[in-house]
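**Q** Provided below are the primary sequence and the corresponding predicted coordinates.
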Amino acid sequence: MNEDNIISNPSQKPDFCDGIEYFAKDLPQFDELASKAIISSDESKVSDAKSSEAVYQTLLGADVLRYLTLHITGSKGSGHPGGFASSADLHSSLIMLGHTNIVTEVGHHAPGFYSSMFLDTSLEDMGIKTVNDVCTRFRERDGLLGHLSGAVPGLLSPAGPLGQGQHFAMSGALLNPDKLFPVTIGDGGMGEPYILSSMMHFHTAFPKTTNFLPSLIWNGYSQEHHSMVSEMTNEQMIAYWKAHGFEEVVLVDAKDFDDSNQEGAYVDSTRFSFEKRLEFTASVLAQVDKASKLAMSGTFTAFIIKQLKGSGVHALGAKSHNLYPTDSLEVPHIMDGLKRRAVPVKAWEIVRENFQRAGGGAASKTVVTESVRELKDLSNVKKEEFEIGSKSVPSTAMGAMVAQVGKIDENYIVTNADGNEASAMKNINDALKIRHPQTDPLYNQEPNGQCYEPLNEDACAGLAAGLSLFGSRAIWLSYESFAINGWPIVQTVSQAMAELRRKTPSTVSMFTAGALEQGRNGWTHQRPEIENFFAAMMRNGNAFALFPCDANAIQVAYDYATNSFNKTMVIIASKTPLPVYLSLEESKKAMEIGAGVLYESDKSDKKLVVFAVTGDMVLLPVFEAKDKLENDGYRVRIVSMVNPRQLYRAKDVAWESVSEPDNNFMDDKTFDDMFGGDMLIAVSGGASGSLEPVLLRTKVAKRDVFAWQRGETTASHTELMDFNNIKADSIFECVKDMDK
């Protein structure tokens, strides 16, 4: 750093630079190679990636990104500058090449992505026009979240939990074959088990969809220590990716350009001589261009940039990862870091012009997630009316509708790890076929099938949730017992959808073969505790856990979920023939208001026992208990809580804070008429969280709960319910005890 070359807060600077304190007086070759923006007003990318001007201005872009990243985080003494700093050369190269549909797996790269969105003017949609504005709104409510959010203009998807970004890139690529979707992956995140395997399975299923570019930011460190892949050689890393099906792995190692005698396998390119910095940048730009063209032309390609974490900011290695309150803009090591990255005032103008024009305009106006995707009309999807009192399989009834939707909408994808046939939904496979390179009619396999079946719930949930976020319809089908393995990405997308500025189809999941149907498999297949996860999310404002009571109600639930927007819809149902209690019309009304009455004794002055139930199979012991209670002189009303989220009071749910808000909560009179009585028994075949809305709201003083306790190996669902004390005799005795 040459202090003589630093200008502190010059009087002449563009308005958007308000807040920047340090500028350079000059840079080598600046007048020659940066007299004007290399991307002209009628272009969307550099015309020649090998030109000296393109390379030079890509380097300027990387330095400006690093400066802003450090400045923004330093303004709050909070956030993560180090990881993005080692990717800045790649990010700048992608922008200059016109590839602006960039996804990341690394939430800690947020300040760098916000810097990019500021430079291309996307953040002006949030009223952020100057560097001061960025700093004011960073890590503040209604501002720029500490980790990436798809709510921020120009950003395609959220990024927080590791191991998710590749799903968004694959979803975007599948829906938009004419665009490249780079996804940056940190080597700390390489510890997540499913990143490469999910891409390998996707490529096997969709071999022609290669227009996503996984880009490894291999910087040697995780958050607080060396990354677990830090000791691999370049050859080993390339082999690792190729072992997962990648045909081309393009690697640029900063070490190859080092003329500053840095020790170790990972080096900081900003410490090279300016000449070598340009050589390194030229290589990154050229190799990113090569990798991008390979990906867009049908070659399964990965890109790797190997450069020390923290390159060009205030510290190196894991020490650059996080800032603390003492790391403010006024402390020497932050000031020195900014001065090292200072560029002339005109450089800021050049970079902004290039970033504004790249990709055809500001990302907030041009990336694929900034517009509503056109959807096929589903008004002709038919339901089958099952006769009340008959028995039918709920999951099969829904499967018939899924098949119709898939036939209408060619982009519709059904994901399932354990197999549709195992969940009594073979009708889906018959109609839509399992996507597999090997054609086999016996197993409904075809290369162009719409059923995506990796044996990995993370991959199933990831693709389905990603497609919904990117504007298409999809459904994830699973055993409830294994859903927890994929649920985190659905939760992430659910929160993102709550913030979106556009409509997009809700995430839809249906979990079957639940605890009560899996007795002989034992506790490994009996884990309905996840229902408490769903129940907790209902308070978020846009999450709905649906418990259809029969084959008619599940069709209504599927229709309700599939035609909703910006929500997370979870359907819990059985694959066993069960009694039908409600007509389609009755089911529709129940779904809208939250619950429906399945049975009520004749009017009399006898004491009234009300059952509030979530689930379908669990209704069997409830109806058995009804008979015992009526024989003993009680009246009984059985209410199915098919949509318990609507049974909360409005004040219990953050419904006003979400996109596409729904405040259709059951009114007090309807609630009291439906759930009022002398005694209330709340029953669930799963965890008790779904019963909270009624227990919270009821005025009935005498009440109790019957719900899942734990799993066991049993010969039948009746034996398993008995083990969990969900049985008619226990319910009867409970009422008698309350009535003493």
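**A** Good, I have the coordinates. Since the model is a prediction, treat every value here as computed from it, not as a measurement.
**Q** what helix or strand does the residue most central in space within the chain sit in?
**A** The centroid of the chain falls nearest to Val493 when counting by Cα atoms, centre = their mean (3.3 Å). Assessed by DSSP states H and E, Val493 sits inside helix 487-499.
**Q** packing partners for that helix?
**A** helix 457-469, strand 507-512, helix 530-537, strand 568-572 (3 or more Cβ pairs under 8 Å, 6 or more residues apart in numbering; DSSP states H and E). All C-beta spots, glycine's among them, are computed from the backbone N, C-alpha and C.
**Q** any idea how far the residue nearest to the centre of the chain is from Ser468?
**A** From Val493 across to Ser468, the span is 7 Å (Cβ to Cβ, to the nearest Å).
**Q** Ok, Ser423 next?
**A** 21 Å.
**Q** Those two - which one has more neighbours?
**A** Neighbours per residue, other Cβ atoms under 10 Å: of Ser423 and Ser468, the larger number sits with Ser468, 29 against 26.
**Q** The more buried one against Ala474, yeah?
**A** Yes - using Cβ atoms under 8 Å, Ser468 is in contact with Ala474, at 5.7 Å.
**Q** count of residues packed around the closest residue in space to Ala515 that isn't next to it in sequence?
**A** Leaving out its chain neighbours, the residue that sits closest to Ala515 by Cβ to Cβ, 6 or more residues apart in numbering is Gln526, at 4.0 Å. By the criterion of other Cβ under 10 Å, Gln526 has 25 neighbours.
**Q** And for Ile484?
**A** Neighbours of Ile484 (other Cβ under 10 Å): 14.
**Q** Got the confidence number for it?
**A** Looking at Ile484, its pLDDT is 90.
**Q** Next: Gly514.
**A** Gly514 carries a pLDDT score of 68 in this model.
**Q** go on, the one 4 residues further on?
**A** Among the per-residue scores, Gln518 shows a pLDDT of 84.
**Q** just checking, it touches Gln526?
**A** Yes - look at Gln518 against Gln526 with Cβ under 8 Å: they come within range, at 5.6 Å.
**Q** Give the intersection of the neighbour lists for the two.
**A** Residues touching both Gln518 and Gln526 (Cβ atoms under 8 Å, 6 or more residues apart in numbering) are Ser481.
**Q** Run through the residues that contact Arg502.
**A** Applying Cβ under 8 Å, 6+ apart, the residues near Arg502 are Thr369, Glu370, Ser371, Val372, Ser659.
**Q** Buried by neighbour count, from the residues you listed: which ones?
**A** For the contacts of Arg502, a burial check counting by 16 or more other Cβ atoms under 10 Å picks out Thr369, Glu370, Ser659.
**Q** In contact with the first one: list those residues for me.
**A** Contacts of Thr369 were listed using Cβ under 8 Å, 6+ apart, and they are Gly150, Leu156, Ser157, Gly172, Leu469, Phe470, Gly471, Arg502.
**Q** Of these, just say which sits nearest to Asp409.
**A** Set against Asp409, the nearest of the contacts of Thr369 by Cβ to Cβ is Gly471 (12.1 Å).
**Q** about what we covered before: pLDDT on the helix holding Val493, on average?
**A** Here helix 487-499 scores 95 as its mean pLDDT.
**Q** how about the helix-or-strand element of the chain with minimal mean pLDDT: buried residues?
**A** Between all helices and strands in the chain, the lowest mean by mean pLDDT, DSSP states H and E belongs to strand 6-8, at a mean of 88. Neighbour counts over strand 6-8 (16+ other Cβ under 10 Å) mark Ile6, Ile7 as buried.
**Q** That strand packs against which elements?
**A** By 3+ Cβ pairs under 8 Å, 6+ apart, strand 6-8 packs against strand 22-24.
**Q** and for the strand it packs on, what are the contacting residues?
**A** 5-8, 10, 13, 335, 338-339, 342-345, 347-348.
**Q** Kindly report the same for stretch 578-593.
**A** Against stretch 578-593 from outside (Cβ under 8 Å, 6+ apart): 383, 385-394, 546, 548-553, 555-557, 560, 596, 598-599, 616-617, 619-620, 640, 642-643, 646, 664, 666, 670.
**Q** Now intersect the residues you listed with the helices, please.
**A** If you go by DSSP state H, these have Pro394, Ala551, Asn552, Ala553, Gln555, Val556, Ala557, Tyr560, Leu619, Leu620, Thr670 in helices.
**Q** what's the farthest-apart pair in those residues?
**A** Checking the ones in helices among the contacts of stretch 578-593 with Cβ to Cβ, the most distant pair is Leu620 and Thr670, at 26.9 Å.
**Q** higher neighbour count, these two?
**A** More neighbours surround Leu620 than the other of Leu620 and Thr670, with 21 against 14 (other Cβ under 10 Å).
**Q** List the buried residues of the helix or strand harbouring Ala590.
**A** Under the criterion of DSSP H and E, Ala590 resides in helix 584-593. Neighbour-count burial for helix 584-593 flags Leu584, Glu586, Ser587, Lys588, Ala590, Met591, Ile593 (criterion: 16+ other Cβ under 10 Å).
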